[in-house]
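**Q** here is a sequence with its predicted model. Questions after.
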Amino acid sequence: MLIAVNIVDLKKTYLVGEVPIMALNGISFQIKKGECVAIVGESGSGKSTLLHILGTLDSPTSGSVIIDDKNPFSGDDKKMSQFRSQHVGFVFQHNNLLPEFSAIENIMMPALIAGTSAKEAKQRAIELLERVRLTKRGAHFPSQLSGGEQQRVAIARALINNPVLILADEPSGNLDSKNAAIIHELFQEINANLKSTILIVTHNKGFAATLPRQISLRDGQIYSDESCT
Amino acid sequence: MNATFFILYRYLILSWLSKKKYRHGSAVSILIPVLGVAVGVFAFVVVISVMSGFVQNIKLSMLRFEPHIVVSSKIHGEQIPHNPTIESQLKQINSNIISVSPFQKTDVILQAGNKVVIANLQGVDLNQNQQNAKIEKYLNSGTNLTILNQEMPSQNIENSSLFPSVILGIDLMDQLDLRVGDTVTLVSPLFDADPSGLSPTQLPVVVAASLSSGQISFDKKIVLSSIKTANLFLQNSNTILGYNLTMKDPMQAEKIAKIIHLENLKATPWTENNRSLLKALELEHYGMIFVLTMIILVGCFSITISLLLSIRRKSKEMAILRSLGFKQFDLAKLYLWQGFIIGFIGVIIGLVVGFITLYFIHHYRIPFITSSYSSEPLPILVSFQDISIVIFGSLILSMIAAVWPAYEVKNLDVVEILSIRN
């Protein structure tokens, strides 16, 4: 099976004042294409840092990161941004939608940034709204949507450029159990139907247990890497 | 539509059209810098146009009686023969020259009874209708310059013989307590030797008309006569002091004076005699442009402040855009464009309001403005050059005002913002 993500001896050190803090300390793992992986761990274990590096928002101190056979850190900001736009989709805990844009415009935005025409972007956004079952809410602004609806829009936005990798940082952490369950289902459905590679950071042990693979981090290192199937 | 323009369209235009609760402060935050630039541009357009109007009025007032170019001997004050060939040569030099009139000029002492005043005698060519019409507007009613050809009896001397006629400025007449028809004696300030010793030349003349230009310095000094009368006083035969040239566009005088090359003659444009005043007016004009540009600059500072505040308010949105693939340079571009568009809208509003204001102050009497100047509406001169300066200057300053915010937004720490807020 093809490899979507290959990480070798990944280290990330932050300087807090003069003191170096090692957020990731030699992490290595591979994720196959189409795999859906839960990243679990305590706060400060390095989950978000890992996600930011995989999303090219942050760069590693050392080690190698290969996504879809490409090294995203080989170029300047322009190349990294292009890579992020074409290969990665983000879903954050607090949906992080743009408040001044309607739901459909939020979904269109990554496509417009990638250079897709407005007409095509809108067409794709309408299809994705259907997929996340929000067809009638496209013209609504984020403030008019419920938390669960906002998160579904954020998922649709992450999918619009057909990225190789979807990174979700506690996507249901801010939702009630009913809406959280809808979001979990949606991720599993997307994984099953679109064969997207998904990495979900979660504190929800129940949800993590439903995913085929769990990587547990502790103090910047892999504590366990278990396949549940 | 490009993502940058899509975002700009939403932030700067649609935010105004959307319902109030969806504006998220974008609409109001651009209103203040737009007004800042608009007020600066408005002030620039109105003040500089009124100033230019005043300067134009001063120049026109200077040119009311002043020849546009004077062609005279290279030796100061030297008489030259009146030569019609030179007149026609001068006319052919440039199509801008519309008339060439010979003139005589000298300082003179006027004596009436026991009153004596120093004045300026000007002998004018009575054949120059176009040129003379400018003066005739200011003569007392029903009079024209041809009266200077006539010899007249004095009204205040019984059985008087006929004397050459002159026209006096109204203030000069007041000083000498003269009325039209009275005799006045022209006395030369230079002394001539005659058998009885040294004595000044004297010529009694009759005041044929009065001249009231409204320019006191002129009306206090001017004595108009025919060239013949002036030469009679100067005891010259057929000489003149020079030629007065009138032009279609007096502002070209300096340029045209440079191309007049005649033997033993020099051409002096009107600007040379008024150089210090014109330089002062020019300096004032540039000083005013500088001050008004500073007002626009202050308006542009509000763009900087507004955009910096917008970065604080929208830092999360900017970080989201970066996570969606927006480049650092795209973010910088977004803010540079915002600066430019805010400046552009401000310039348009400032120009429109400025021109409307100019229309009103030029066409209507606004009591609290015009009362201190005159009863007429204010003079206006809209200069294409000045308006171009304000348009391009404002747009460039608006772009410069956005450079700092663009730099700040470019260097936003996306990870930190997303980590803190997420």
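**A** Now that the structure is in, tell me what you want to look at.
**Q** what about the residue in chain B that chain A sits nearest to, which SS state?
**A** Here the residue of chain B nearest chain A is residue B:325; by CB to the nearest CB that distance is 2.5 Å. The C-beta positions use only the backbone N, C-alpha and C, and glycine is treated the same way. When classified by DSSP: H, G, I helix; E, B strand; the rest coil, residue B:325 comes out as coil.
**Q** am I right that it is in contact with residue A:111?
**A** No: when contacts are counted by CB atoms under 8 Å, residue B:325 is not listed as touching residue A:111 (9.7 Å).
**Q** which residues do the two both contact?
**A** Applying CB atoms under 8 Å, 6 or more residues apart in numbering or on different chains, one finds that residue B:325 and residue A:111 are jointly contacted by residue A:161.
**Q** pLDDT at the residue of chain A found nearest chain B, what is it?
**A** Residue nearest to chain B within chain A: residue A:85 (2.5 Å; CB to the nearest CB). At residue A:85 the predicted local confidence, pLDDT, stands at 90.
**Q** just give the closest residue to it, not the sequence neighbours.
**A** residue B:325 (2.5 Å; CB to CB, 6 or more residues apart in numbering or on different chains).
**Q** number of residues surrounding the one you found?
**A** For residue B:325, the number of neighbouring residues by other CB atoms under 10 Å in any protein chain shown comes to 29.
**Q** what are the phi and psi angles of it?
**A** Residue B:325 has phi and psi values of phi 110, psi 0 when expressed as degrees, to the nearest 10.
**Q** need the per-residue pLDDT for it.
**A** We note a pLDDT of 90 for residue B:325 in this prediction.
**Q** what separation is there between it and residue A:151?
**A** 20 Å (CB to CB, to the nearest Å).
**Q** by contact count, what packs against the helix or strand hosting residue B:230?
**A** Under the criterion DSSP states H and E, the helix or strand holding residue B:230 is helix B:227-234. Applying 3 or more CB pairs under 8 Å, 6 or more residues apart in numbering or on different chains; DSSP states H and E, one finds that helix B:227-234 contacts strand B:97-112, strand B:115-124, strand B:162-169, strand B:183-194, strand B:197-211.
**Q** just name the most buried of the ones you listed.
**A** When neighbours are counted by mean count of other CB atoms under 10 Å in any protein chain shown, the highest per-stretch mean among the helices and strands packed on helix B:227-234 falls to strand B:162-169, a mean of 23.
**Q** that one pairs with which strands, and in what direction?
**A** Taking DSSP bridges as the criterion, strand B:162-169 pairs within the sheet with strand B:151-153 (antiparallel), strand B:197-211 (parallel), strand B:222-226 (antiparallel).
**Q** which stretch in those is the model least sure about?
**A** Across the strands paired with strand B:162-169, strand B:151-153 gives the lowest mean pLDDT, at a mean of 80.
**Q** how about the residues of chain A by chain B?
**A** For chain A, the residues in contact with chain B (CB under 8 Å from any CB of the partner chain) are A:48, A:52, A:55, A:57-58, A:77-78, A:81-82, A:84-86, A:90, A:92-94, A:96-101, A:105, A:109-110, A:112-114, A:118, A:141, A:143, A:157, A:161, A:169.
**Q** where does pLDDT dip in chain A?
**A** Where chain A drops to pLDDT under 70, the residues are A:1, A:95, A:228-229.
**Q** bridging residues for the residue nearest the centre of it?
**A** Most central residue of chain A, judged by C-alpha distance to the mean C-alpha position with CA atoms, centre = their mean, is residue A:167 at 1.3 Å. Note on residue A:167: beta-bridge partners by DSSP bridges are residue A:90, residue A:199.
**Q** ditto for residue B:110
**A** On the basis of DSSP bridges, residue B:110 is bridged to residue B:117, residue B:186.
**Q** that one contacts residue B:169, doesn't it?
**A** No: here residue B:110 does not reach residue B:169: they are 10.6 Å apart, not a contact under CB under 8 Å.
**Q** any common contacting residues for these two?
**A** Taking CB under 8 Å, 6+ apart as the contact criterion, the residues that touch both residue B:110 and residue B:169 are B:119, B:223.
**Q** next, the buried residues of the helix or strand harbouring residue A:4.
**A** Assigning secondary structure by DSSP H and E places residue A:4 in strand A:3-16. Along strand A:3-16, the positions that meet the burial threshold by neighbour count (16 or more other CB atoms under 10 Å in any protein chain shown) are A:4, A:5, A:7, A:10, A:12.
**Q** give me the buried positions along the very next helix or strand once past it.
**A** As assigned by DSSP H and E, the chain's next helix or strand after strand A:3-16 is strand A:19-32. Burial within strand A:19-32, assessed by neighbour count using 16+ other CB under 10 Å, is assigned to A:23, A:24, A:25, A:27, A:29, A:31.
**Q** for residue 78, which non-adjacent residue is closest in space?
**A** Defaulting to chain A. That would be residue B:327: by CB to CB, 6+ apart, it lies 5.3 Å from residue A:78.
**Q** wrong one, chain B
**A** Across the structure, with CB to CB, 6+ apart as the measure, the residue nearest residue B:78 apart from its sequence neighbours is residue B:72 (7.9 Å).
**Q** what's the helix or strand where that neighbour lies packed up against?
**A** Assigned by DSSP H and E, residue B:72 belongs to strand B:69-73. When contacts are defined as 3+ CB pairs under 8 Å, 6+ apart, strand B:69-73 packs onto strand B:242-247, helix B:253-258, strand B:265-269.
**Q** now do the contacts for residue B:298.
**A** With contact set as CB under 8 Å, 6+ apart, residue B:298 has these partners: B:36, B:40.
**Q** quickly note the distance from it to residue B:36.
**A** For residue B:298, the distance to residue B:36 - CB to CB - is 7 Å.
**Q** same check, this time on residue A:142
**A** Taking CB to CB as the measure, residue A:142 and residue B:36 are separated by 31 Å.
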